[in-house]
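Participant: Fold the following, please.
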Amino acid sequence: MMGRTQKYEQVLEWMFQQIPMYQRQGQAAYKADLSATEALDEYMGHPHRSFRTIHVGGTNGKGSVAHMLASVLQSAGYRTGLYTSPHLNDFRERIKVDGQMVDQDFVISFMERNQEHFLQVRPSFFEMTVAMAFDYFRQVQVDVAVIEVGLGGRLDSTNIIDPDLSVITNISLDHTQFLGDTVEQIAREKAGIIKENKPVVVGESDPRTADIFREKALAAQAELCFADQHYQITREEGGFFENPCYTILQGQQVIYNGLCTDLLGSYQSRNIVTTLRAVDVLNGLGYALAGEQVRQGLSNVGVITGFRGRWFILQNDPLIVCDTAHNEAGLNINVREVQRLNRGRLHFVLSFVNDKQLDAILKLFPTSASYYFTRASIPRALEEDKLAEMAARYGLTGQCYPVAGDALQAARDQARQEDLIYVGGSTFLVSELI
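Facilitator: Next up is the predicted model:
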């Protein structure tokens, strides 16, 4: 008799093989309309109407903000669903309730109940996963679900919900083959999650995109605020690898002293500001999220929600840091961060997907570092020799490794105790090596 885990793995294999998956296949799996999602939602009986939702989009930081909000909600006693993508190691990381991954038994039963329908209508992997998440949240009766946008906003499969609050973290260039090749075009796609008469928090105000959000919010009669115009944040003294603590100001008034988080990386300060403003708006809608619950939630995001992959430390001496940043804006912050740490020689283990625009990205990296070019174990991965050839145009030199684990081991072998090894460029590389 087949065991549960074996059956679960068999179901996953069927899903990965039969259903187009953007993370693995790229553009072939992307659908530029919501008709299939809406039809699937109707077939499932509109499960998302059974619970409250918060929608989180943006280019960078949306995963962090989604986890921060879920952590605060859980700390306040709400039964909280959390839908994110992609996963790092286990498909079930995408669908959590109160920090616990969806049961293997539910994944198996969901696919068995709906497999025949999926074979007929051929949803994308993401469409099917969204339907699974919403059905699970309905079954276990969550109070509220935090839903992270997968790609874009306007045409994303998650955009069938009518959330209490929409959050858009920021806008920068990514997925330009789908969303447009200017920040203005991308902003219009991201603004597609703004709903009629429902408030929206935009994390970072940008003169290139602010009016786009204002126009969309005005047309939808949605109350709009920019978090960075409401709160200011400064980091308090302490070692970089200690849990950072912040002071939050509103004008000259101190709102929080010693507000700490277990998420490393200086960029998390922006996500904290976005989260705090979102909490304010939720409280105005009748949620009960007190200051102590905010503190508890932000200081234990990883413990409460199981969040990983952002400035994740694999080991010390030499220090090995993984981060899933994979576009120009995110990698620019991280490269500056590792340079600022000034820890001996830098070693970069890099992989990218084959549809990424790399010219603007590769110029960010220092020519004085050692490079280990590799590929993640997915069809979309850029071949390591092609990556090395492109990197050489920017003075980045190193060795090629077809197997990611060999690249990391080579970096370990060559690094001194005081050096720093950075692993990134692709979420799938980080997934593989974590």
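
Participant: State the distance from the residue nearest the centre of the chain to residue 395.
Facilitator: When C-alpha atoms, centre = their mean is applied to the chain, the residue found nearest the centroid is residue 63 (3.1 Å). According to C-beta to C-beta, to the nearest Å, residue 63 and residue 395 sit 32 Å apart. From N, CA and C alone the C-beta is placed, and that goes for glycine too.

Participant: One more: residue 172?
Facilitator: Distance from residue 172 to residue 395, by C-beta to C-beta: 24 Å.

Participant: More neighbours: which of these two?
Facilitator: More crowded of residue 172 and residue 395, by other C-beta atoms under 10 Å: residue 172, with 18 against 12.

Participant: check which helix or strand covers the residue nearest to that one when sequence neighbours are not counted.
Facilitator: Ranked by C-beta to C-beta, 6 or more residues apart in numbering and with sequence neighbours excluded, the top spatial neighbour of residue 172 is residue 329, at 3.6 Å. Element membership for residue 329, per DSSP states H and E: helix 328-341.

Participant: buried stuff in that helix?
Facilitator: 328-335, 337-338 (16 or more other C-beta atoms under 10 Å).

Participant: Would you tell me what the next helix or strand after the helix or strand of the chain with the lowest mean pLDDT is?
Facilitator: The least trusted helix or strand in the chain, going by mean pLDDT, DSSP states H and E, turns out to be helix 22-25, with a mean of 44. Per DSSP H and E, the first helix or strand lying C-terminal to helix 22-25 is helix 35-44.

Participant: List the neighbouring strands of the helix or strand just after that next one plus their orientation.
Facilitator: Where DSSP H and E defines the elements, the next helix or strand beyond helix 35-44 is strand 52-57. Paired strands of strand 52-57, with direction, are strand 144-148 (parallel), strand 165-168 (parallel) (DSSP bridges).

Participant: Which secondary structure elements does the helix or strand just after strand 52-57 sit against?
Facilitator: Using DSSP H and E, the helix or strand that follows strand 52-57 in sequence is helix 62-75. Applying 3 or more C-beta pairs under 8 Å, 6 or more residues apart in numbering; DSSP states H and E, one finds that helix 62-75 contacts strand 52-57, strand 80-83, strand 144-148, strand 165-168, helix 268-284, helix 291-299, helix 301-305.

Participant: Turn those into TSV, including mean pLDDT and mean neighbour count.
Facilitator: TSV is the format used below for the helices and strands packed on helix 62-75 (pLDDT from 0 to 100; neighbours: other C-beta atoms under 10 Å):
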stretch	mean pLDDT	mean neighbour count
strand 52-57	98	27
strand 80-83	98	29
strand 144-148	98	27
strand 165-168	98	30
helix 268-284	97	22
helix 291-299	97	19
helix 301-305	95	20
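
Participant: is it possible to export the ones you listed to TSV including distance to residue 15?
Facilitator: As requested, these are exported to TSV (distance: least, C-beta to C-beta, whole Å):
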stretch	distance to residue 15
strand 52-57	24
strand 80-83	16
strand 144-148	20
strand 165-168	29
helix 268-284	31
helix 291-299	32
helix 301-305	24
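
Participant: and residue 33, which of these is closest to it?
Facilitator: strand 52-57 (17.7 Å; C-beta to C-beta).

Participant: Report the beta-bridge partner residues of the closest residue in space to residue 210 that isn't next to it in sequence.
Facilitator: Leaving aside its sequence neighbours, residue 210 sits nearest to residue 226 (C-beta to C-beta, 6+ apart; 7.1 Å). Note on residue 226: beta-bridge partners residue 202, judged by DSSP bridges.
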